[in-house]
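K.L.:
generate a structure from the sequence data that follows.
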Amino acid sequence: MALNIASIETLLATIVAVLFAVAGVVNLAGPGAVKRDFARWGYPAWFRLLCGALELCGAALLLGQPTRVLGLTLTGAIMIGALFTLLRNREPFRHLAPALIFSALIVATVAVRS
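P.N.:
Model prediction:
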């Protein structure tokens with residue numbers, strides 16, 4: 001079975017949506033390490049909840065073809081903020097790697113759309 005561009009885009013968007021849904025749930029649940037990271041980065045407690053909610057919204061928007069561009073825009077903006085935070089705080093590569101992978105998947109999805 002050959003994959004066409006539309007099915008590759010849907011596959012990539014679904015992968016990104018699942019990753020952002022998991023990240024959103026983790027941020028909303030706020031295990032100790034996540035709470036400590038946000039505090040260490042200088043963010044107020046409510047910001048973790050906002051990030052989690054935005055990640056879940058982005059995931060939902062990615063799943064619909066009519067809302068996918070908005071989902072890609074939102075998740076891309078989230079990743080710009082995340083990468084800025086990680087670089088500004090000189091986080092080790094093991095923390096930066098997942099953000100780079102998320103970002104690369106978003107870029108790949110946009111590239112397939114074009």
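
K.L.:
so where's the longest helix in the protein?
P.N.:
For the chain, the longest helix by residue count, based on DSSP state H, is helix 5-29.

K.L.:
roughly how far out does the helix or strand just after that one sit from the chain middle?
P.N.:
Remark: after helix 5-29, the chain's next helix or strand is helix 32-40, criterion DSSP states H and E. Centroid separation between helix 32-40 and its chain, computed with Cα atoms, centre = their mean, to the nearest Å, is 18 Å.

K.L.:
try stretch 93-108
P.N.:
With Cα atoms, centre = their mean, you get 9 Å for stretch 93-108.

K.L.:
any idea of the mean pLDDT for it?
P.N.:
Across stretch 93-108, the average pLDDT comes to 96.

K.L.:
neighbouring contacts of it?
P.N.:
The contact list for stretch 93-108 (Cβ atoms under 8 Å, 6 or more residues apart in numbering) reads 12, 15-16, 19-20, 23, 72, 75-76, 79, 82-83, 86-87. Backbone N, C-alpha and C define where each C-beta goes, glycine included.

K.L.:
flag every buried residue along that stretch.
P.N.:
Residues of stretch 93-108 classed as buried by neighbour count (16 or more other Cβ atoms under 10 Å): 99, 102-103, 105-106.

K.L.:
quick revisit: for the contacts of stretch 93-108, could you give me CSV that also reports pLDDT?
P.N.:
Shown next, in CSV, are those (pLDDT from 0 to 100):
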residue, pLDDT
12, 97
15, 98
16, 98
19, 98
20, 98
23, 98
72, 98
75, 98
76, 98
79, 98
82, 98
83, 98
86, 98
87, 97
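
K.L.:
hmm, which of those residues are the buried ones?
P.N.:
Neighbour-count burial (16+ other Cβ under 10 Å) applied to the contacts of stretch 93-108 gives 12, 16, 19-20, 23, 72, 75-76, 79, 82-83, 86.

K.L.:
and which of those residues is nearest to residue 6?
P.N.:
Minimum distance to residue 6 across these is 11.0 Å, recorded for residue 12 (Cβ to Cβ).
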